[in-house]
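A.B. asks: Turn this into a structure:
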Amino acid sequence: MTPRPGIDTPDHRGRTGLDQAGRDLDRNPDVVIRDVELTSQGWHVLRRTTFDHRRRDGRWETQARETYDRGNGAVVLPYDTRRGLVLLTRQFRYPAYVNDHPDGMLIECAAGLLDTDDPHTAIRRESAEELGVTLGPLTHVTDAYMSPGSVTECLHFFAAPYTAADRTGTGGGIEEDGEDIEVLELPFTEALAMTRDGRIADGKTILLLQWAALNGPFARHRNG
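C.D. replies: Next comes the predicted model:
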């Protein structure tokens, strides 16, 4: 048999056994994994998994689902309540552009994959790279599966204070990774309004801005 990269032999990222993910899952007695097929692996991994599922009426049926595994990630909303500001990014996102966004330039909270780091370490790294800021104490907001029908990623949400003095770098991302990120320092009230009129269309960013208004650092300002 010809060696299969990512399965029998290391792929370009040194990974093997990529077809084994999920085969040993037994936490749900109504789901039995039958087969896992590696259909594509670039930087991330696409799998097709066949499983038996017991429906609510007791009948078993066989289903197949494709899952896109890009690892888990973290996202943060840096805020300055004294000046009423938040730090966001703007960058080109081709998937949004090809799916009817006017120009693909999305305004977002800084975010990134964990890779081998824990969520706290990863989001401090991303904030330094993308925003050029050193964050204050991190507040964990929530963890959420943003597209659970097809993407395995769990996103860890954070917020953190910053001051003008904490902006010690230029940000912009890692050029070698193809990043070209504009740093935006906006009044919180404007950023929140942008979630209502469509100028901010990124889900994770909408969630964090609304949390900041309802339960987070700007809630007490809004409520007096």
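A.B. asks: Would you mark the buried spots in the helix ranked longest in the chain?
C.D. replies: Assignment by DSSP state H gives helix 203-214 as the longest helix of the chain. If you call a residue buried by 16 or more other C-beta atoms under 10 Å, then helix 203-214 has these buried ones: 204-209, 211-213. For every residue, glycine as well, the C-beta is placed using N, CA and C.
A.B. asks: List of residues touching that helix?
C.D. replies: 75-77, 79, 86, 88, 107-109, 111, 141-142, 144, 146, 155, 157, 159, 188, 191-192, 195, 200, 218-219, 222 (C-beta atoms under 8 Å, 6 or more residues apart in numbering).
A.B. asks: Check stretch 99-112 too.
C.D. replies: 73-78, 87-94, 96-98, 122-123, 125-127, 129-131, 155, 184, 194, 199-202, 204-205, 208.
A.B. asks: Could you pick out the buried ones from these?
C.D. replies: With neighbours counted using 16+ other C-beta under 10 Å, these contain these buried positions: 73-78, 87-89, 91-93, 96, 122-123, 126-127, 129-131, 155, 194, 200-202, 204-205, 208.
A.B. asks: Inside strands: which ones of those?
C.D. replies: Among the buried ones among the contacts of stretch 99-112, DSSP state E puts 73-78, 87-89, 91-92, 155 in strands.
A.B. asks: closest to R167 among those?
C.D. replies: Nearest to R167 among these: L87, at 8.1 Å, using C-beta to C-beta.
A.B. asks: residue contacts, the closest one?
C.D. replies: For L87, the contact set (C-beta under 8 Å, 6+ apart) comprises 78-79, 110, 131, 133, 162, 183-185.
A.B. asks: What of V36?
C.D. replies: Counting by C-beta under 8 Å, 6+ apart, V36 makes contact with 19-23, 47-50.
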